[in-house]
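1. Could you look at this predicted model? Sequence included:
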Amino acid sequence: MSHFAPNPSPSAFVTLDSVAARTPDGTPLFDNLTLAFGHERTGLVGRNGVGKSTLLRLIAGTQPPAEGAVSRTGIIGVLDQRHDPAPGESVAETLGVAHSLTVLRRVLAGEGSVTDLGEADWTLDDRLNDALTQVGLSGIDLNRGTAPLSGGEQTRLRLAGLLLARPDLILLDEPTNHMDAEGRALIAGVLERWEGGAVVVSHDRDLLGRVDRIVELSGLGAATYGGNWDLYADRKAAERAAAERTLAAAETDAARAAADARRRAETQARRDRAGRRKGMKGDMPKILLGMRAESAETSAARNSRLAARQSAQAEADLTAARERVERVRLLSIPMPSTGLASGKTVLEVEEVRFAFPVAGDSEGEGKVLGPVSLRLTGPERVAITGPNGAGKTTVLKMMAGLLEPTSGIVRRPVRAALLDQDAALLKPDETVIAAWLRLNPEGSPNGAHAALARFLFRNVEARRVAGTLSGGERLRAALACVMTGARPPQLLVLDEPTNHLDLDSVAAVEAALNTYDGALAVVSHDTVFLEHVGITRTVALPGARVGASSLPP
């Protein structure tokens, strides 16, 4: 059972007491937050923009609370989402062991001073090897620069630094973002073996499956759920079902209260009419007529007050039930039918190769991808997998017709649309409705408004600028633009679609794709997402071969 504002634990490393946080412009994020973090592993979840990263900064002490107090009794280590190495920063410096290594090397070479002998850490080499092995970087050159490493390698390196520092509590902010399957598994293993406290902000449901409790942050505060992600998801589903039942009952009660009020009013009106007719006959004393009139007025007033109280209570219950449902209801994204026949060929990729340019390509210069062969028939669902740098995004671009292969053939007899993690088909400076009209030139403004309203971009929402939308809103807008035109695409090509989404948005996208009747080609490191959208086949890409800028013979 969830509960709000758990009592702080005396054994906690960090305690927040009645803490509030605001955005720089003064917008409230959360208020009166009371939480404690000790030896347990906590998964911190909530919708984008609710203040999860802000809460991590409050815990770490890098940002003061707007109100309330934060007390700390342990050493805290932080793994931020992003860290830009300093110019010339070495791997040893990123790990925080450059000085200790220098001292140890001087001592081992017989050149150390008395101070060096006192400082020498004789366990450093073993601890260093163990930490680097845990994150999959065993044997890395400690003198090489950090900047040339990939983003995933840099994240793993900084995590190794935390393992070496051995803080009491570690704070991990989206540690598996942009990680391939191997990197995600390594991070999950580190968290599972961690013996101190941990607070993890993540949309990675596999990682959240390794925690001891879930704290859900919202504008209402923090709700704590004992157990890992699976238990949390079950309880949230039960809460949604209960909220829907409560709403249905409240709607019934409100309708009954309104009907009772009408019935009382109609009964009183009939009595009043009957009394007036009897009075008009003149066979009743005036004093008795007056008494009856006074009684009728009293009865009418009493009935009116009773009806008002019942209606007000019913409306209050209905409002509360609606608000509760709004808090727990998942976003619904409608997906129109594409009319794809089960035996229709959707895509043919035959012996396709791509030679990366010598400079300027993010997936690796001087490499050769392929050969890749693939055939999709009907509403198949295929996952393209491979390590970072294997060329998965390049393959998707060739599938969607956005990139021509160096050799080989791509046949695409149906309309296709590519949606990447940034929904790049939306221009950042255009409104959602302008994007719809650009991508559906045969449509009209009225048609655009009607189509976007189905995806919850109603009225002024349709005129929001794409660059101001959250990750979930951008993907929803992109789906609205490509799925509601005259000819919805029969092939959706998705490149890490869940990377910037909160967990509610991920669930909504999964539900939408489960109702999509076209074909899917997906690149995603989120194995739970692939399972939930019903992937039926996997095509694994090997690492791209190092070669010249043109194909080998």
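-> Thanks, I have the structure now.
2. show me where the stretch 301-450 of the chain has helices.
-> All helices of the stretch 301-450 of the chain, identified by DSSP state H, counting those that start in this stretch, fall at 392-400, 432-439, 445-454.
3. cool, the stretch 151-300 of the chain as well?
-> Using DSSP H, counting those that start in this stretch, helices in the stretch 151-300 of the chain cover 151-165, 181-193, 205-208, 229-281, 286-328.
4. weakest of those helices by average pLDDT?
-> Lowest mean pLDDT within the helices of the stretch 151-300 of the chain: helix 286-328, at a mean of 60.
5. what's the closest non-adjacent residue to residue 420?
-> Counting by Cβ to Cβ, 6 or more residues apart in numbering, residue 420 lies nearest to residue 495, which is 4.1 Å off, once chain neighbours are set aside. All C-beta spots, glycine's among them, are computed from the backbone N, C-alpha and C.
6. One more: residue 333?
-> Closest to residue 333 by Cβ to Cβ, 6+ apart is residue 512, at 3.7 Å.
7. check contacts around residue 225.
-> Counting by Cβ atoms under 8 Å, 6 or more residues apart in numbering, residue 225 touches 2, 213-216, 231-232, 235.
8. pLDDT wise, what is it at?
-> Note for residue 225: predicted pLDDT of 93.
9. change the start of the numbering to 148 and stick with it
-> Noted, 148 is the first residue going forward, which turns the last one into residue 372.
10. For it, give the beta-bridge partners.
-> residue 361 (DSSP bridges).
11. Pull up the gap between it and residue 351, please.
-> Per Cβ to Cβ, to the nearest Å, residue 372 is found 17 Å from residue 351.
12. With residue 679 instead?
-> Distance from residue 679 to residue 351, by Cβ to Cβ: 14 Å.
13. out of the two, which sits in the more crowded spot?
-> The neighbour comparison of residue 679 against residue 351 (other Cβ atoms under 10 Å) goes to residue 351, with 26 against 17.
14. Burial check on the nearest residue to the more buried one once chain neighbours are set aside, number of neighbours?
-> Sequence neighbours aside, residue 323 is the residue nearest to residue 351 in space, at 4.6 Å (criterion: Cβ to Cβ, 6+ apart). Residue 323 has 25 neighbours, counted by other Cβ under 10 Å.
15. so who does residue 323 touch?
-> 330-331, 334-335, 349, 351, 354, 672.
16. now with 7 Å?
-> Applying Cβ atoms under 7 Å, 6 or more residues apart in numbering, we find residue 323 in contact with 330-331, 334, 349, 351, 354.
17. Which strand residues bridge residue 348?
-> residue 191, residue 320.
18. and the gap between it and residue 363?
-> Counting by Cβ to Cβ - residue 348 and residue 363 are separated by 12 Å.
19. Tell me the buried residues in stretch 557-574?
-> Neighbour-count burial for stretch 557-574, counted by 16 or more other Cβ atoms under 10 Å, picks out 557, 559, 561, 563-570, 572-573.
20. will you turn those residues into TSV that also has pLDDT and distance to residue 534?
-> Putting the buried residues of stretch 557-574 into TSV (pLDDT from 0 to 100; distance: Cβ to Cβ, whole Å) gives the following:
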residue	pLDDT	distance to residue 534
557	95	23
559	93	26
561	94	30
563	92	25
564	91	26
565	91	21
566	90	23
567	86	19
568	80	18
569	81	22
570	84	25
572	88	27
573	91	29
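21. Tell me the one of those residues nearest residue 648?
-> residue 568 (8.7 Å; Cβ to Cβ).
22. Give me the neighbour count for residue 417.
-> Residue 417 has 10 nearby residues by other Cβ under 10 Å.
23. What is the burial count for residue 639?
-> Applying other Cβ under 10 Å, I find that residue 639 has 25 neighbouring residues.
24. and it, what does it touch?
-> With Cβ under 7 Å, 6+ apart, residue 639 has these contacts: 564, 566, 663, 665, 667.
25. From what I see, the fourth one and residue 641 are in contact.
-> No. In terms of Cβ atoms under 7 Å, residue 665 does not count as a neighbour of residue 641; the distance is 11.6 Å.
26. if we can go back for a sec, pop out the phi and psi values for the residue nearest to residue 351.
-> phi -100, psi 10 (degrees, to the nearest 10).
27. For residue 309, which non-adjacent residue is closest in space?
-> residue 224 (4.4 Å).
28. Just list whatever residues bridge to that neighbour.
-> With DSSP bridges as the rule, residue 224 is bridged to residue 317.
29. What are the buried residues along stretch 666-680?
-> 666-677, 679-680.
30. Show me where this protein dips below the pLDDT cut-off.
-> The chain contains residues with pLDDT under 70 at 148-157, 415-416, 418-458, 461-462, 464-478, 505-513, 690-700.
31. per-domain residue ranges of it.
-> Per automatic domain parsing, the structural domains of the chain span 148-222+314-374, 235-311, 410-475, 492-693.
32. among those domains, which is nearest residue 391?
-> Comparing these by Cβ to Cβ, domain 410-475 comes nearest, at 6.3 Å.
33. Distance of the residue nearest to residue 567 relative to residue 542?
-> From residue 642 across to residue 542, the span is 10 Å (Cβ to Cβ).
34. ok, the two, which is more surrounded?
-> Ranked by neighbour count (other Cβ under 10 Å), residue 642 and residue 542 place residue 542 first, with 28 against 22.
35. How far off centre is stretch 326-339?
-> Here the centre of stretch 326-339 is set off from its chain's centre by 19 Å, with Cα atoms, centre = their mean, to the nearest Å.
36. Now it: buried residues?
-> Here stretch 326-339 shows 326-328, 330-335, 337-338 as buried, counting by 16+ other Cβ under 10 Å.
37. CA atoms only for that stretch, dumped as PDB, please.
-> The C-alpha trace of stretch 326-339 is given here as PDB (Å, rounded to 0.1, in the frame of the first residue of the first chain):
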ATOM      1  CA  MET A 326      23.800   2.500 -23.300                       C
ATOM      2  CA  ASP A 327      23.800  -0.700 -25.500                       C
ATOM      3  CA  ALA A 328      22.600  -4.000 -24.000                       C
ATOM      4  CA  GLU A 329      26.000  -4.800 -22.600                       C
ATOM      5  CA  GLY A 330      26.400  -1.500 -20.900                       C
ATOM      6  CA  ARG A 331      22.900  -1.700 -19.400                       C
ATOM      7  CA  ALA A 332      23.600  -5.200 -18.000                       C
ATOM      8  CA  LEU A 333      26.800  -4.000 -16.500                       C
ATOM      9  CA  ILE A 334      25.100  -1.000 -14.700                       C
ATOM     10  CA  ALA A 335      22.400  -3.300 -13.500                       C
ATOM     11  CA  GLY A 336      25.000  -5.700 -12.100                       C
ATOM     12  CA  VAL A 337      26.800  -3.000 -10.200                       C
ATOM     13  CA  LEU A 338      23.500  -1.800  -8.700                       C
ATOM     14  CA  GLU A 339      22.500  -5.300  -7.700                       C
END
